[in-house]
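Novice: need a 3D model of the following:
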Amino acid sequence: MYLIGIDCGSTMVKAAVFDESGKEYVSAGEKVEHIYLHSGWTENNMDALWENVCRVLQECLEKSKINPKEIAAVTCTGHGNGLYLVAQDGTPARNGIISSDSRARKYIEEWTEKDVLGKILPKTMQSLWAAQPNALLRWLIDNEPETMKKTQYLFMIKDFVRYRLTGEAFMELSDMSATSLINVGTGEYDDEVLAVWGLSGWKQIMPPLKRSGDICGKITAAAAAVTGLAEGTPVAGGMFDIDACGLAVGMTDETRFCMVAGTWGNNQFISGKPVIDRDVFMTSCYSVDGYYLVLEGSPTSASNLEWFVTQFFDGDKELLKIRGMTKNIYEHCSELVALTDAADTGIAFVPYLYGNPVHPDAKACLFGLDGRHTRPQVMRAIFEGIVFGHRWHTERLFRFRDKPQTIRLTGGAVNSDVWTQMFADILQIPVEVPAGTELGCFGASICGAVAAGIYKSYDEACERMVRITRRFEPDKNLTEVYETKYRRFLRLLEVFAPVWNELAVK
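Specialist: Here you go, the predicted model:
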């Protein structure tokens, strides 16, 4: 039997086919086009998103040449937060809102000033930010009443896709527990929580809650016609993409620690007891029953490198083409970093191009440049600064648990051995890399294997499906070098704070 995982990210929609041993057969991806109608708005076209899902499923089935009837389950994962509203006629009520949107920032500022979080944190267990549905719903109620009047369902992105696949409306707990709309401790909707945000009366648009491994419908005839899937194929509840990454690295007990170096830098572990603290970014319900996922993260990871390469490395890309080289630009960047030494430069990069965890108006910068520095040294600083961002988050988490014996790393950074070794050296913890290229899809498929009854538990599924292919041991000789650099990084955050305040005023 085969399993299909669908990963609906903020920038890409992907699908991949796996067998019950975890072997990845084929994958396909489509870019999600963003719509920027106003400053601070980040949206997508929900119909176009669905068309992307249909295309990647068709491509996977065509490339794999498997019989659609041999697919045991289809499972979706996707980015958390944002907002996807569906009208009474089943069509999108408006564009989808992506998790990097900031239009509702004023509500966060108002709630912070009134210390609303101090009252509700024991139930919601997470920080507040502008792209959460609680703030976005308030913004829409105040600014787009016509949209809310015609809205029948509120979905997260993967729940919307599952709705289009099955015609059945459900929300899934791991995703919904990260929205500040439910009581995370009980795993249920809570009238007090909704009232705090001024959302009393809006529970009516929130579909029933399901668990990740619940079967939440079957592929309809209409969906089968446009995706190539077989009508009647079971569709599992799915999960928040951070849960999918956790399953993809085998995180089914408290010994594991998972790190994702992608658009967001996510750092997470699971615990049988929730961590409720103002200084923890988020505690949510994990896909595995009985566990909470404790996460520290921000958009401060590999997307910073992508921006740098896009802005400054066009010439390198052309040169690689002219020379007929098959390596991509990121491999080229890794080779540049390999030419340098950790101790030979004092350049520091603050990776806050797309947001940050330290100051409302913090910005990115390169600090410490002088005329002797080279492009490879600057590239090393970019790599290091991103890892320092991860370390900042992990040190907050290590106040609530012991340091792990190993870290399992996923995301774009693992494509570079140089960069992955840097994670091990800066954190001084061994780093392991799991097999596979589409780990969001893979984690979703592990869930599908449990939902379809192929395996009795997530423990059994992960034991049979997850494989570690590479391990990086920390270089003890670099401990002092990176400790000095990291302390400098922290000092810069303090020094820059007054400047960020001045820039915000202007």
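
Novice: pLDDT weak spots in the stretch 101-250 of the chain?
Specialist: Along the stretch 101-250 of the chain, no part satisfies pLDDT under 70.

Novice: quick one, strands of the stretch 201-350 of the chain?
Specialist: Counting by DSSP state E, counting those that start in this stretch, the segments of the stretch 201-350 of the chain that form strands are 209-210, 215-218, 234-236, 239-240, 258-261, 265-271, 282-285, 292-298, 348-350.

Novice: how is the protein divided into domains?
Specialist: Described in terms of automatic domain parsing, the domain architecture of the chain consists of the residue ranges 2-237, 303-433+469-505.

Novice: returning to what we had before: out of the strands of the stretch 201-350 of the chain, which gets nearest to residue 422?
Specialist: For the strands of the stretch 201-350 of the chain, the distance to residue 422 is smallest for strand 258-261, at 10.6 Å, taking C-beta to C-beta. Where you see a C-beta, it was placed from the backbone N, CA and C, and this is true even at glycine.

Novice: partner strands of the closest one and their direction?
Specialist: Applying DSSP bridges to the sheet, strand 258-261 is found paired with strand 265-271 (antiparallel), strand 407-411 (parallel).

Novice: mean neighbour count, these: which tops it?
Specialist: The densest packing among these, expressed as mean neighbour count by mean count of other C-beta atoms under 10 Å, is seen in strand 265-271 with a mean of 25.

Novice: so where's this structure shaky on pLDDT?
Specialist: With pLDDT under 70 as the threshold, the chain has low-confidence stretches at 326, 505-506.

Novice: hey, which helix is longest across it?
Specialist: In the chain, taking DSSP state H as the definition, the longest helix is helix 479-505.

Novice: for the stretch 301-450 of the chain, just list every one of the helices.
Specialist: Remark: helices assigned in the stretch 301-450 of the chain by DSSP state H, counting those that start in this stretch are 303-312, 314-322, 329-338, 375-397, 417-427, 439-451.

Novice: next one: the fourth one to chain centre, how far?
Specialist: The reference is to helix 375-397. Relative to the mean C-alpha coordinate of its chain, helix 375-397 is positioned 18 Å out (C-alpha atoms, centre = their mean, to the nearest Å).

Novice: that older thread, most tightly packed of the domains of the chain?
Specialist: Highest mean neighbour count among the domains of the chain (mean count of other C-beta under 10 Å): domain 2-237, a mean of 20.

Novice: can you tell me the distance between the two ends of it?
Specialist: Distance between the two ends of domain 2-237: 17 Å, counting by C-alpha to C-alpha, to the nearest Å.

Novice: now distance to residue 289 too, for the strands paired with strand 258-261, in TSV please.
Specialist: Rendered in TSV, the data for the strands paired with strand 258-261 read as follows (distance: least, C-beta to C-beta, whole Å):
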stretch	distance to residue 289
strand 265-271	11
strand 407-411	21
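
Novice: so which of those strands gets nearest residue 95?
Specialist: The stretch from the strands paired with strand 258-261 with the least distance to residue 95 (C-beta to C-beta) is strand 265-271; that distance is 25.6 Å.

Novice: so which of the strands paired with strand 258-261 comes closest to residue 86?
Specialist: Counting by C-beta to C-beta, and looking across all of those, nearest comes strand 265-271 at 27.9 Å.

Novice: please, where are all the helices along the stretch 151-300 of the chain?
Specialist: Secondary structure of the stretch 151-300 of the chain by DSSP H, counting those that start in this stretch: the helices cover 157-166, 173-176, 191-196, 221-227, 241-248.

Novice: could you dump those helices to TSV with distance to residue 497?
Specialist: Shown next, in TSV, are those (distance: least, C-beta to C-beta, whole Å):
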stretch	distance to residue 497
helix 157-166	34
helix 173-176	34
helix 191-196	30
helix 221-227	50
helix 241-248	29
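
Novice: tell me which of those helices lies nearest to residue 150.
Specialist: Sorting these by C-beta to C-beta, the top spot, which is the nearest, belongs to helix 157-166 at 15.9 Å.

Novice: before we move on, back to that, just send the domains of the chain back as TSV, with distance to residue 265 too.
Specialist: Listed next are those as TSV, based on distance: least, C-beta to C-beta, whole Å:
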stretch	distance to residue 265
domain 2-237	14
domain 303-433+469-505	5
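
Novice: out of these, flag the one nearest residue 448.
Specialist: Nearest of the domains of the chain (C-beta to C-beta): domain 2-237, 3.6 Å.

Novice: how about residue 87, what does it touch?
Specialist: The neighbourhood of residue 87, defined by C-beta atoms under 8 Å, 6 or more residues apart in numbering, consists of 93, 150, 151, 152.

Novice: return the member of those nearest to residue 384.
Specialist: Looking at those and their distance to residue 384, the nearest is residue 93, at 44.5 Å (C-beta to C-beta).

Novice: quick check on that closest one: phi, psi?
Specialist: Here the main-chain torsion angles of residue 93 (degrees, to the nearest 10) amount to phi -80, psi -20.

Novice: would you agree it is in contact with residue 150?
Specialist: Yes: the criterion here is C-beta atoms under 8 Å, and residue 93 meets it with residue 150 at 5.6 Å.
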